[in-house]
Every structure is written in structure tokens, then in C-alpha cells.
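Asks: can't give you the sequence, but here's the structure:
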């Protein structure tokens, strides 16, 4: 029931339906995570007796509303491609901003760039992955050139710090997103291939049955023609004798 209500595609085109399923899963998952983050921020003062962070509450609330709006546009207004483009561009911009702030070697920024490229190829079109990869490459080249010229000064102090559990969780989350998006799309492709194979087998069965019917009908016509010719021959024989 949840799948039919929140995930099931409405597009009749099989290729678009596959992209729609992946997009719906992504938006629904991001929305749930955003809601959990908002609840955790709101309840943090009660649970851990920490001071309330109004700025975090506002940011998380805006995130929940924004992702919910994107989901509503994709699900109920059928604006799948604009939503996919918006989501991909946001991830790419966030990744580039991390590179701008902490340098080219920041792993999270590079991983998020990879996520943006993969999402572009799956959610928008195969060619879009090339466009996004090219745009990100140009931005990274520009940031590196600006750093060399001394126009920007990324904070690379993080390179002296040891890894933490938060780093592990962050990297694992990105790996999971990449794997989940790839799995969803490949799963839909496999299902489409399976449906095509079933349709091909059904079509072959119908073709075989049609050939059998045609052959049977041809034999019936031949038998009827032969019988008619034999009857005509008997009538001619009777006429000659008479």
C-alpha cells in the first residue's frame, strides 16, 4: 500500500517510469532523514539538556519543507525531470562549495561530485552525466587556479586531524546512496528486461499457434478443393456416359 501511494510510477513510458521510481525513492528517503534530523534537533535540549540551537531548527525545517515540495512536484505535478535536475544541481553545488571551503583533497566533496554525476546519468539522461562531469571538472579547475593565484584560501586544517566516527558515518552514507541509486536503477532495468523477455516468449507462442492454425486451415482448404474437384470430375463422367 505504501509503495502504491508514495513510490509507484504514473508514467506510461517504461524508461521514464524507471527513472520516476528511483527519484521517488530518493526523495522519500531524504525527506525521512530530514524529518529525523529536525526531530532530533528539536528534542536535543530535552534529551541531552543541551541549549536549543534555533539556527539548526530553522535550517532543518527549511530542508524538510524544500524536500517535501520537491517530492510533491515530482509525485503529484509530474515534474520529474525539473525535480531531478534541481536535486542533482544542489548536490553538485554543495560538493563544489566543500571543495571551495576545504580544498580539492577533501574526500566528502569528491564523493558528492561522484554522486551528482551518477544521479544525472540515472535520473535525467545518460548524456547528462557527461555534462555534469564536464561542469564539475571546470569548476574544480577554476578553484585550483584561484588557489594557486592566491585568490582563495581553503581551510586545510582538517588534514591534520585524525578520523572520527562521524567521518565513517558520513562516508558510509555516501557509499550507501551511490549503491542504493545504482541498485534501484539496475533492478528496474532487470525487471524491464524480464518483462521484455516474457513478452517475447508470449509473442513467439502466439506466432507458433498462428502458424499451426494457418497450416491447419491450408490443409482444410486443400481438402475442400480436392473434394470439389473430385465431385466435378464425377459430374463430368456422368454427363459423358449419359
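Replies: That came through, no problem. Given the structure is predicted, the values throughout are model-derived calculations rather than measurements.

Asks: which other helices and strands does the helix ranked longest in the chain contact?
Replies: The longest helix of the chain (DSSP state H) is helix 165-241. Contact analysis of helix 165-241 by 3 or more Cβ pairs under 8 Å, 6 or more residues apart in numbering; DSSP states H and E lists helix 14-47, helix 107-119 as its packing neighbours. Quick note: C-beta positions are derived from backbone N, CA and C, even for glycine.

Asks: right, so these: which one is the most enclosed?
Replies: Most buried of the helices and strands packed on helix 165-241 by mean neighbour count (mean count of other Cβ atoms under 10 Å) is helix 107-119; its value is a mean of 20.

Asks: give me the average confidence score over that one.
Replies: Mean pLDDT, computed over helix 107-119, is 89.

Asks: what is the subsequent helix or strand relative to it?
Replies: Sequence order places helix 126-148 as the next helix or strand after helix 107-119, per DSSP states H and E.

Asks: okay, angle between that following helix and helix 107-119 too, please.
Replies: With axes from the mean of the first three to the mean of the last three Cα atoms, to 10 degrees defining the directions, helix 126-148 sits at 160 degrees from helix 107-119.

Asks: and the helices and strands packed on helix 165-241, which one averages the lowest pLDDT?
Replies: When these are ranked by mean pLDDT, helix 14-47 comes last with a mean of 82.

Asks: list the contacts of residue 53.
Replies: By Cβ atoms under 8 Å, 6 or more residues apart in numbering, the contact list for residue 53 reads 41, 44.

Asks: local confidence estimate at it?
Replies: 71.

Asks: how much space between it and residue 45?
Replies: In this view, residue 53 and residue 45 are 9 Å apart by Cβ to Cβ, to the nearest Å.
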